[in-house]
Structure formats: C-alpha cells, structure tokens
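Participant: This is the structure alone, sequence omitted:
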C-alpha cells in the first residue's frame, strides 16, 4: 500500500517544473549576486514594457482578426470561404520574419500612399500629404506584422473549436427557431471556447517569444536592448544569459497561469 502511494506520488510530481524552477533559481541567484549581471538586467529590463505591450496588443488584434477569418471559413458563401482559406494558406506559408520585413518596408509604405491618395482626393490635388513615414512607427509596423501572421493560425484554432461542437446541438437549436447568428452566439461559440482556450493560450506564449523578432527593426524590446548592450561591451554570453532568463520567467509564468485556467474550467464543467 505504501509502495503504491509512493509510486502515485512520484508519478504526479511535476518534475519538469521542479527542474526548470531549479534552473531559474540558480540563474536568478547568479544574476543578483554579481554586479555585472545586475547591470545587464537593469539594461534589459528597460525593454520589458515594450515586449509586453507589443505581444499583448498584437495578440488581441490577431485574436479578433482570426475570429473574423474563422467565421469566414464557416460561411455559407463560397466566395467568402475561398477568400478566408486563401488568406490562411497564404499567411501561414510565409515565415514571420519575412512577413515582418514585408509589412514594415513594403506594406506600411503602400498603406501610407493609399491613405494620402484618398486624402488628396477628398481635399483636392494640391493639398500636401496628410501622412508621412514617421507617422507609422516601426513598433506599430511590427505589431501589424505579428497580428497578420498569427491571425491565420488563430483562425484555424477557432475553426477547429467551432467544428468540434456536435451537430446535434446546433440542429436542436435551429429546431427551436434560432437564427444562424443566434446559434453561433449561444451554442457554437460558448461550447467551442472551452476547446479553443488551451491552444489559444499556447499561441499567446509563442507570441511573447516571437515578439523578439521586432528587434530586427530596431524596436527597443528586451532583445534589442540586449543586442545594443552586448555589441558595446562584448559580453555576449552574460547578456544573453539574462535575456534567456527574462523570457523563461515570462513564458513559464504564462504557462502556469494557463494550466491553472484549464484546471478551473475542467472543474467548472464537472459541476
């Protein structure tokens, strides 16, 4: 009996979490016991706010856009379905870094030219340009690129969640006289959301990590601040140790929060 309990205890203990917590604890102890590491951490910390802002805004916008595309994938209109499918396949086939450069240096200037053209048409041909390149900062160009890139993946997450809802439930709702919009609002979306939330949370963790790519545009996030410091001090090993620690703490905290949310949802379903 005692042996069985011991085996159950050993099986249930999150050893992966203990190992990572030990590694993080060791890195934190090293960081705070060294003046050099404290200096690097202070420099890198200046970019945490930018990283969090970019990831949060881009993910919120990507979720909304992904939901719209997912609804398009479920549309009864063939043209809408094909357009949504084309968008997903096209965006998912382009690497995030390539799309980041494309949006920043091709897409954003085209948007500004279009906005200036429309403004000139409304105000008169002799009017000066309404927008200039500096009005669309590199940070917002990066946010737009991450939004577009992740929206295609999130759309597939929503689609899979909506399709997981049993047909019998939607048919029963229609038999009660609900319109397709009411069925989606009261049946498909709430039931599918329970399946959608875990992969959606994983996408948010991935967004936090991929936000490091905005450093290639000079956006002052964690990675960019570390890059500037390391290029001036040549302390690449120490600097990127701190960067890895900061990202690890952020993503681990998010992962644990998402696991807690999943447990809470499962407990709520059992009631």
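Facilitator: Here it is on my side, so go on. Remember, it's a predicted structure, so these values are computed and weren't measured experimentally.

Participant: pLDDT-wise, which helix or strand of this protein ranks last?
Facilitator: For the chain, counting by mean pLDDT, DSSP states H and E, helix 2-12 ranks last in confidence among helices and strands (a mean of 62).

Participant: For the nearest residue to residue 219 once chain neighbours are set aside, grab the count of nearby residues.
Facilitator: Using CB to CB, 6 or more residues apart in numbering and skipping the chain neighbours, the partner closest in space to residue 219 is residue 139 (4.9 Å). All C-beta atoms are positioned from the backbone trio N, CA, C, and that covers glycine. Number of residues near residue 139 (other CB atoms under 10 Å) recorded here: 18.

Participant: Okay, now the unreliable bits of the stretch 151-271 of the chain?
Facilitator: Along the stretch 151-271 of the chain, the model assigns pLDDT under 70 to residues 166, 170-171, 268-271.

Participant: returning to that earlier point: can you name the secondary structure element that comes next after the least confident helix or strand of the chain?
Facilitator: helix 15-33 (DSSP states H and E).

Participant: which strands and helices sit next to that following helix?
Facilitator: Helices and strands touching helix 15-33, by 3 or more CB pairs under 8 Å, 6 or more residues apart in numbering; DSSP states H and E, are helix 35-45, helix 236-270.

Participant: Redo those helices as a markdown table? Include mean neighbour count and distance to residue 77.
Facilitator: Listed next are the helices and strands packed on helix 15-33 as a markdown table, based on neighbours: other CB atoms under 10 Å; distance: least, CB to CB, whole Å:
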| stretch | mean neighbour count | distance to residue 77 |
| --- | --- | --- |
| helix 35-45 | 16 | 49 |
| helix 236-270 | 14 | 33 |
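
Participant: export those to TSV and tack on distance to residue 74?
Facilitator: Listed next are these as TSV, based on distance: least, CB to CB, whole Å:
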stretch	distance to residue 74
helix 35-45	43
helix 236-270	23
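
Participant: If anything else comes up later, I'll come back, but that's it for now.
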